[in-house]
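Enquirer: okay, here's the prediction I keep looking at, along with the sequence it came from:
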Amino acid sequence: MNLTRRYMVHICKDGTITYRDTVKKEKVFNGVALPVGSTDTKKEAEALQIRFGRLAYEEHPLMPGKPWFKLSTVHGEPLFRPLNVEDLEAVGKMFEEFILECQAKKQETALEKSITSLLVELKKQIDDDHRCSDDPEDKTPGMQVTIGVKDLSGDYGWQTGDNSYTGGAYGRPHWAIIYLYRKSNSKELAAAAVDELAELVSQEVTA
């Protein structure tokens with residue numbers, strides 16, 4: 001259970017899920033809800049409420065004008081009872097797994113955007129005699145681009161052509177090779193590369 005991020009997520013015995021901004025020193029809405037996790041952004045906290053809560057039709061008397069979300073599941077089963085102390089660890093673990101998934105997706109999106117911009121610029125450098133391979137039948141101007149990463153934090157290296165031991169990707173354990181042509185959709189190529197890199201990073205973590 002990580003309680004170090006800016007937005008503290010709380011839960012009540014009746015399953016009410018709320019969050020507060022610790023930087024602004026916001027108070028627990030009822031003074032007794034217990035912390036079970038935290039997020040970096042307000043958007044992540046709201047996504048957590050939507051993912052694990054069911055929206056009540058009425059307003060909470062202590063939260064006028066705000067949506068009221070109550071926990072809908074715990075231990076993998078629908079929740080139709082008050083929470084007890086033994087549930088808190090499971091709820092915290094469930095929330096943290098979701099938060100880490102959100103953060104991983106955010107990293108992948110940022111990496112995809114950066115690689116897309118790179119490919120857009122590299123397409124401008126494709127000369128008529130450039131090829132993606134040594135195949136003599138390949139007559140289409142193109143460029144082979146290799147992206148190398150250690151993880152998905154956004155720090156990556158890249159290189160063009162077959163310069164495996166001297167390029168910017170060298171030294172990073174996970175590689176994705178892109179075959180770039182003038183008419184290629186840069187965003188689609190970047191998305192496919194990030195998917196491949198994410199799978200490689202995931203395999204390393206679970207190995």
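Expert: Perfect, I can see it now. Given the structure is predicted, the values throughout are model-derived calculations rather than measurements. Numbering: from 1, shown residues only.
Enquirer: centroid residue for the protein?
Expert: Taking CA atoms, centre = their mean as the criterion, Lys105 is the residue nearest the geometric centre of the chain, at 1.7 Å.
Enquirer: can you tell me the SS state at that one?
Expert: Classification of Lys105 using DSSP: H, G, I helix; E, B strand; the rest coil returns helix.
Enquirer: and Gly148, what does it touch?
Expert: By CB atoms under 8 Å, 6 or more residues apart in numbering, Gly148 lies in contact with Tyr156, Gly157, Trp158, Gln159, Gly168, Ala169, Tyr170, Gly171, Arg172, Pro173, His174, Trp175. Bear in mind the C-beta positions are built from the backbone N, C-alpha and C, glycine included.
Enquirer: let's go with 7 Å and repeat that
Expert: Tyr156, Gly157, Ala169, Tyr170, Arg172, His174, Trp175 (CB atoms under 7 Å, 6 or more residues apart in numbering).
Enquirer: tell me the one of the residues you listed nearest Tyr19?
Expert: Set against Tyr19, the nearest of these by CB to CB is Tyr156 (32.8 Å).
Enquirer: right, and the closest one touches Val149 too?
Expert: Yes: using CB atoms under 7 Å, Tyr156 is in contact with Val149, at 4.6 Å.
Enquirer: what is in contact with those two at once?
Expert: By CB under 7 Å, 6+ apart, Tyr156 and Val149 have no common neighbours.
Enquirer: show me this structure divided up by domain.
Expert: Split into domains by automatic domain parsing, the chain comes to 7-83, 108-206.
Enquirer: show me the shaky parts of the protein.
Expert: In the predicted model, the chain carries pLDDT under 70 at residues 162-166, 205-207.
Enquirer: which stretches of it form helices?
Expert: For the chain, the helices defined by DSSP state H cover 42-52, 85-123, 186-206.
Enquirer: tell me how far Val85 lies from Ile50.
Expert: According to CB to CB, to the nearest Å, Val85 and Ile50 sit 26 Å apart.
Enquirer: compare those two (neighbour count), which wins?
Expert: Ile50 (12 against 8; other CB atoms under 10 Å).
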